[in-house]
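A.B. asks: Show me the folded form of this:
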Amino acid sequence: MSTPIPALRALCLSLATFLALAFINTADAQGLAEGGFDPADLEAMTASVRQVELTEDNVTRLIASFPEIRKTGAKFSKTQLPEKPPVPGSGNSDLDALPDDKRAALEAIAQKHGFKNLEEWSDTAGTVVRGYIFLAQGKKPGATDTALRLNVEHAERNPNLTPEQKTEIIEMYRRIASSLKRLEPSDENYEMIVAMKDKLAPIMDPN
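C.D. replies: Below is the predicted model of the structure:
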């Protein structure tokens, strides 16, 4: 395990954001709608994403903790995350998949660096990872709204769609955008990532 964030899920969600920010062309959207694509699947994937307020202090502590977290995580076998993310409000967490000894070892390091527990460390790390990838892709807060507006305008102008098809596709765009907004950094978090990008670079690409 290279990182214990539940890193793979956080990273994959982040990458999915940027692939989806341009959304899809109208023909593809129509095909998805007719093929049974359900935006609820994306909603379920993003519902448990938590964004914390980034400060110079908690980002600096995250950076300081990362080498030890990475080294300690590598001592244990890889953790298999559940196929579906935890249901919001259930009190469950991706971290529940960690064996007790592995979680205890990682939590001790998180607390050593001033985090309340491994959950707080994980939420901070996930927020940083998503914000960093957002920046690396040249995106800024508001990109999802812009993509939504452009795609809705394109669908509304498309002469090949019936009124019913336009309504269905535009509604799908709106639901997708609503889910992706959860992955978009706040203005304040984006500014913090920009300010600390050079310090973050080594842990974002440690190899």
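A.B. asks: Every contact and neighbour count from this point should use C-alpha atoms.
C.D. replies: OK.
A.B. asks: Flag the shaky bits of this protein, pLDDT-wise.
C.D. replies: Low-confidence segments of the chain (pLDDT under 70): 1-38, 78-94, 206-207.
A.B. asks: For the residue located most distally from the centre of the chain, what are phi and psi?
C.D. replies: Most distant from the centre of the chain: residue 159, at 35.4 Å, with distances by CA atoms, centre = their mean. Here is the backbone geometry of residue 159 (degrees, to the nearest 10): phi -80, psi -10.
A.B. asks: quick one: it from residue 105, how far?
C.D. replies: Distance check for residue 159 against residue 105: by CA to CA, to the nearest Å, it reads 60 Å.
A.B. asks: mind listing what the residue farthest from the centre of the chain touches?
C.D. replies: For residue 159, no contacting residues are found, by CA atoms under 8 Å, 6 or more residues apart in numbering.
A.B. asks: quick one: it from residue 70, how far?
C.D. replies: For residue 159, the distance to residue 70 equals 54 Å [CA to CA].
A.B. asks: what are the ranges of the helices in the protein?
C.D. replies: Taking DSSP state H as the test, the helices found in the chain are 7-20, 26-34, 39-46, 56-73, 100-112, 118-136, 143-157, 163-180, 187-204.
A.B. asks: Need the winner for burial among these.
C.D. replies: Per residue and on average, the most neighbours among the helices of the chain fall to helix 118-136, with a mean of 22 (mean count of other CA atoms under 10 Å).
A.B. asks: For that one, name the packing helices and strands.
C.D. replies: helix 7-20, helix 56-73, helix 100-112, helix 187-204 (3 or more CA pairs under 8 Å, 6 or more residues apart in numbering; DSSP states H and E).
A.B. asks: what's the angle from it to helix 56-73?
C.D. replies: Helix 118-136 and helix 56-73 are oriented at 110 degrees to each other (axes from the mean of the first three to the mean of the last three CA atoms, to 10 degrees).
A.B. asks: Can you show me the CA trace of helix 118-136 as PDB?
C.D. replies: The C-alpha coordinates for helix 118-136 follow below in PDB (Å, rounded to 0.1, in the frame of the first residue of the first chain):
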ATOM      1  CA  LEU A 118      -6.500   8.800  11.700                       C
ATOM      2  CA  GLU A 119      -9.900   9.900  10.300                       C
ATOM      3  CA  GLU A 120      -8.900  13.600  10.600                       C
ATOM      4  CA  TRP A 121      -5.600  12.900   9.000                       C
ATOM      5  CA  SER A 122      -7.400  11.000   6.200                       C
ATOM      6  CA  ASP A 123      -9.900  13.800   5.600                       C
ATOM      7  CA  THR A 124      -7.100  16.400   5.500                       C
ATOM      8  CA  ALA A 125      -5.100  14.200   3.100                       C
ATOM      9  CA  GLY A 126      -8.100  13.600   0.800                       C
ATOM     10  CA  THR A 127      -8.800  17.300   0.700                       C
ATOM     11  CA  VAL A 128      -5.200  18.100  -0.200                       C
ATOM     12  CA  VAL A 129      -5.000  15.400  -2.900                       C
ATOM     13  CA  ARG A 130      -8.200  16.500  -4.600                       C
ATOM     14  CA  GLY A 131      -7.200  20.200  -4.500                       C
ATOM     15  CA  TYR A 132      -3.700  19.400  -5.700                       C
ATOM     16  CA  ILE A 133      -4.900  17.400  -8.700                       C
ATOM     17  CA  PHE A 134      -7.500  20.100  -9.400                       C
ATOM     18  CA  LEU A 135      -4.700  22.700  -9.600                       C
ATOM     19  CA  ALA A 136      -2.400  20.400 -11.600                       C
END
